[in-house]
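Colleague: build me a structure from this.
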Amino acid sequence: MAFEFIKKISLPSFSSILMPGRRSFVGIDIGFSSVKVVQLKKENERAILETYGELKTTPYLRSVEGGVGGGFLRFKDSDIIEMVMDVMRESNVTTRQAVFAVPSISSFVTLITIPTKDKEEIARAVPFEARKYIPIPIAEVSLDWQIIDEDEGAAPSAKTKVLLVAVPKEVTSKFERIAKGANLTLAGLEIETFAIVRSLIGREKTVSALINYGSQSTTVAVVDKGVVMLSHNLDRGSNALTNALARGLNVTEERAEAFKQEIGLSDRPEDREITGVMSPLVDILFSDIERILHAYNRTTERRIEKIGLTGGGSRTKGLVDYTAKRFGLETIEANPFSRVTYPAFMQPILKDVGPSFAVAVGLGLRNITPK
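Modeller: As a prediction, this is how the structure comes out:
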């Protein structure tokens, strides 16, 4: 049953204006610094935005209880449940059908090669091959896989590329408890990288790199024809820029965050002090990303054509241009709300906050858009 698991876990409020419909789903993206929700409904084959919202996690994530997974997953169920219920209430979410994001850092996504074309043999071989790549016992993960089509024009091969996806059962169980505690129906779990692909790339035929620049970590993925070919997690997030600015300029974190978003990587001489603090940290991150992308390019003749930036960190002023110059590739900032319908007057704010909501929008689309 290839890819069933990836489909299942994969892989300000305006509800007074946008009236809820019967086929509504809410995407819930819990990050380390904030939780975001987006409620969408299906109407005449379109995804309609009903409401959205964001809440800071700081007042809620108080007690660490350990377990598998990083970020918010280390915190107590009761704290997370309280936070989810509050953001849903404040955002006027009405549906109980929820799709949650599994953090990339708490999942395993890799491309493997099986020395056969026979589908039955592949199905038998995958669990054994998976043991070589997954650092915890296979019995403790939910495992799924998808056969990757050969490149057009490639020489015939007796081998098969397989996308391998696994999530610890302890992680999926935690989400089940959170959904139950928040009185939600768990309509699906999805690895955040797959949600971003749905909201940003869809089934485009090009090869793209996605950089999800979060507060605590960064996920780098390569997507070919809508399929995730690789995904790597880097322990570097945009909070490092905020903290460096706060220390270097002797200002509060709030002021440092404002500098990051309003001045950022400016090339103006008067902003040199701020840019001088930030650019070395961005360059270190980009060096790690370059190694990942160069390694991928050595495995295929299909070259990466563009880069998509998502996550709260991608809203850093000047980061799009800085990225394009560094990698020599077309670079776009995520605009996930472009895939849904909403009143025209909301366009400026949705375009501004869009990069932060790429995961939540993708989750909301999970059960609405064609598979």
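
Colleague: so where's the stretch 101-250 of the chain shaky on pLDDT?
Modeller: Across the stretch 101-250 of the chain, the ranges flagged by pLDDT under 70 are 150-156.

Colleague: what's the distance between Thr110 and Ala187?
Modeller: 27 Å (Cβ to Cβ, to the nearest Å). Quick note: C-beta positions are derived from backbone N, CA and C, even for glycine.

Colleague: how about Glu270?
Modeller: From Glu270 to Ala187 the distance is 50 Å (Cβ to Cβ).

Colleague: Gln347 - how many residues pack around it?
Modeller: With neighbours defined by other Cβ atoms under 10 Å, the count for Gln347 comes to 13.

Colleague: actually, Thr242.
Modeller: 23.

Colleague: measure the residue nearest to the spatial centre of the chain to Lys36 for me?
Modeller: With distances taken as Cα atoms, centre = their mean, the residue of the chain nearest its centroid is Glu192 (3.5 Å). The spacing between Glu192 and Lys36, counted by Cβ to Cβ, is 11 Å.

Colleague: pull up the overlap in contacts between the two.
Modeller: Common contacts of Glu192 and Lys36, defined by Cβ atoms under 8 Å, 6 or more residues apart in numbering, comprise Asp29, Val359.

Colleague: sec struct for Val167, please.
Modeller: When classified by DSSP: H, G, I helix; E, B strand; the rest coil, Val167 comes out as strand.

Colleague: for it, what are its contacts?
Modeller: Shown in contact with Val167 (Cβ under 8 Å, 6+ apart): Ile9, Val102, Ser106, Ser107, Phe108, Val141, Ser142, Leu189, Ile191.

Colleague: what do you get for Gly237?
Modeller: Phe32, Tyr213, Gly214, Ser215, Gln216, Ser217, Thr218, Gly313.

Colleague: and it, that one's in a helix?
Modeller: No: using three-state DSSP, the assignment for Gly237 is coil, not a helix.

Colleague: ends of stretch 306-326, how far apart?
Modeller: With Cα to Cα, to the nearest Å as the measure, the ends of stretch 306-326 fall 12 Å from one another.

Colleague: quick one: the strands in the chain?
Modeller: For the chain, the strands defined by DSSP state E occupy 24-30, 34-43, 46-56, 97-102, 108-114, 141-148, 160-168, 185-191, 207-213, 218-224, 227-234, 306-310, 330-333.

Colleague: so which of those comes closest to Glu176?
Modeller: strand 185-191 (6.2 Å; Cβ to Cβ).

Colleague: relative to Leu319, how far out is the spatially closest residue to Glu257 that is not a sequence neighbour?
Modeller: Closest residue to Glu257 apart from its sequence neighbours, by Cβ to Cβ, 6 or more residues apart in numbering: Thr242 at 5.1 Å. Between Thr242 and Leu319 the distance is 14 Å, computed by Cβ to Cβ.

Colleague: repeat that for Glu43.
Modeller: Applying Cβ to Cβ to Glu43 and Leu319 gives a distance of 35 Å.

Colleague: those two: who's more crowded?
Modeller: Leu319 (24 against 14).

Colleague: next up, the contacts around that one.
Modeller: Counted by Cβ under 8 Å, 6+ apart, Leu319 has contacts Tyr213, Gly264, Leu265, Val282, Leu309, Gly313.

Colleague: quick one, what contacts Ala182?
Modeller: So Ala182 contacts Ile81, Val84, Met85, Met88, Ala98 (Cβ under 8 Å, 6+ apart).

Colleague: among the residues you listed, name the buried ones.
Modeller: Using 16 or more other Cβ atoms under 10 Å as the burial test, the contacts of Ala182 include Ile81, Val84, Met88, Ala98 as buried.

Colleague: next, the buried residues of the longest helix belonging to the chain.
Modeller: When the chain is scanned for its longest helix (criterion: DSSP state H), the result is helix 272-297. The neighbour-count check on helix 272-297 (16+ other Cβ under 10 Å) flags 274-275, 277-279, 281-282, 285-286, 289, 292-293, 296 as buried.

Colleague: return the item of those having minimum pLDDT.
Modeller: Ranked by pLDDT, those bottom out at Tyr296 (92).

Colleague: right, and that one touches Arg303 too?
Modeller: No: using Cβ atoms under 8 Å, Tyr296 and Arg303 do not qualify as a contacting pair, with a distance of 9.5 Å.

Colleague: any common contacting residues for those two?
Modeller: Joint contacts of Tyr296 and Arg303 (Cβ under 8 Å, 6+ apart) do not exist.

Colleague: on that earlier part again, among Glu270 and Ala187, which residue is more densely surrounded?
Modeller: Set Glu270 next to Ala187 and count neighbours by other Cβ under 10 Å: Ala187 wins out with 19 against 8.

Colleague: surely that one is in contact with Ala98?
Modeller: Yes: between Ala187 and Ala98 there is a contact under Cβ under 8 Å: 5.9 Å.

Colleague: one step back: out of the contacts of Gly237, which is nearest to Ala334?
Modeller: After measuring the contacts of Gly237 against Ala334 - Cβ to Cβ - the closest member comes out as Tyr213, at 10.3 Å.

Colleague: for the residue nearest to the closest one when sequence neighbours are not counted, give its distance to Glu140.
Modeller: With Cβ to Cβ, 6+ apart as the criterion, Tyr213 has its nearest non-adjacent residue at 3.3 Å, and that residue is Gly313. Distance, Gly313 to Glu140, using Cβ to Cβ: 32 Å.

Colleague: with that, I have no additional questions.
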